[in-house]
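In: Provided below are the primary sequence and the corresponding predicted coordinates.
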Amino acid sequence: MTRAEFEAYVKAVVNVGDTADPFIPAAVRQAVMWIERNYSYLYMEATNLGGDRLEAGDDSYSLVLFADIAPPGFAHRVKSIVSVRLNLPVAGAEGWYPEKANKLNFEQPIPDGDPTYFYFSNQSFGVQTTGTVNTMIPLQLVFNKKPTEDLTVFVTYVQYTDWDYVADDGEHWLMEYAEDLLLAQTLMQLAVPLKDPDLYAPNKVFRDEALRTSISADLELRQSAESPEMLFG
């Protein structure tokens, strides 16, 4: 289902003629915003698959987005950092050492000597205004120390959808796999501009059930992505 098809479906469900037309696009956008603010589905996760460099002597890294649900090159819709992976030397060879970002700790796994720790000392992003033009500043990850050699950085992050970036003929995960959830929340958003309280209470029950089943399906998907132990014999 495309964005235009979904908005036409919402109009048919509301069934008030053209009265709802000015409010439907905003209501859908607000519904997506509400869902993503409160829940982080797997489709919201992305990784800078190309990797990037944390240059020797530099303690900051600028995250550049590659996923389709936000404009490429902008990090203003990052919700959270899931993990960071650095390419570190291990016993004379190169290898990966993953660590969860929320532990604020990255350790070089070498058998001898003192381990090297890297952790975030700051995460920041914002908007820089130049005249009448707003320029987005990429998300900066600032580490507590500077590496002595170039490191490859892979960041997995959760980001919000830029709904205005979804074209009329564009598709989205919520419309494809959680159409009932998006519909119910959209109808709840329309209750205020249409001054119709009957759109809110019944659809809240519908919305809550759709949330329960979609979260269950998302959890199953996450668990299926884990690496199971293979047993032989």
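Out: Received it, and whenever you're ready, just let me know what you need.
In: Now Y41: closest residue in space that isn't a chain neighbour?
Out: Take Y41 and drop its neighbours on the chain: the residue closest to it by Cβ to Cβ, 6 or more residues apart in numbering is D218, 5.1 Å away. Just so you know, the C-beta spots here come from the backbone N, C-alpha and C atoms, and that holds for glycine as well.
In: now do L199
Out: Leaving aside its sequence neighbours, L199 sits nearest to A191 (Cβ to Cβ, 6+ apart; 4.0 Å).
In: ok, the one you found touching P197?
Out: Yes - assessed by Cβ atoms under 8 Å, A191 is found in contact with P197 at 6.1 Å.
In: higher neighbour count, the two?
Out: For A191 versus P197, neighbours defined as other Cβ atoms under 10 Å are more numerous around A191 (17 against 10).
In: Check what pLDDT that one gets.
Out: A191 is assigned a pLDDT of 97 by the prediction.
In: Contact partners for it?
Out: Going by Cβ atoms under 8 Å, 6 or more residues apart in numbering, A191 touches 197-200.
In: same check, this time on T148
Out: Counted by Cβ under 8 Å, 6+ apart, T148 has contacts 56-57.
In: How about the secondary structure of it?
Out: State at T148, reduced to three classes by DSSP: H, G, I helix; E, B strand; the rest coil: coil.
In: same question, V84
Out: strand.
In: beta partners for it?
Out: Counting by DSSP bridges, V84 is bridged to E99, V155.
In: Was I right to think it contacts L151?
Out: No - using Cβ under 8 Å, V84 is not in contact with L151; the gap is 10.4 Å.
In: same for the biggest helix by length in the chain, what does it pack against?
Out: Counting residues, the longest helix found in the chain (DSSP state H) is helix 201-224. Contact here means 3 or more Cβ pairs under 8 Å, 6 or more residues apart in numbering; DSSP states H and E; on that basis helix 201-224 packs against helix 179-190.
In: got a list of contacts for the helix it packs on?
Out: Helix 179-190 has contacts (Cβ under 8 Å, 6+ apart) with 1, 6, 9-10, 13-14, 20, 23-24, 26-28, 30-32, 34-35, 174-175, 196, 199-200, 203-204, 206-207, 210-211, 214.
In: Can you tell me which of these end up in helices?
Out: For the contacts of helix 179-190, secondary structure assignment (DSSP H) places 6, 9-10, 13-14, 24, 26-28, 30-32, 34-35, 174-175, 203-204, 206-207, 210-211, 214 in helices.
In: List only buried entries from those residues.
Out: Neighbour counting with 16 or more other Cβ atoms under 10 Å marks 6, 9-10, 14, 24, 27-28, 30-32, 35, 174-175, 203, 206-207, 210-211, 214 as buried within these.
In: Quick check: closest non-adjacent residue to W173.
Out: Y43 (4.0 Å).
In: pretty sure the residue nearest to Y41 is touching E45, no?
Out: No - here D218 lies out of contact with E45, judged by Cβ under 8 Å, at a distance of 10.7 Å.
In: So what are the structural domains in the chain, by residue number?
Out: Residue ranges for the domains of the chain, per automatic domain parsing: 3-39+178-217, 44-159.
In: weakest of those in terms of mean pLDDT?
Out: The bottom spot among the domains of the chain, by mean pLDDT, belongs to domain 44-159, with a mean of 58.
In: now do the same end-to-end measure for that one.
Out: One end of domain 44-159 to the other measures 6 Å (Cα to Cα, to the nearest Å).
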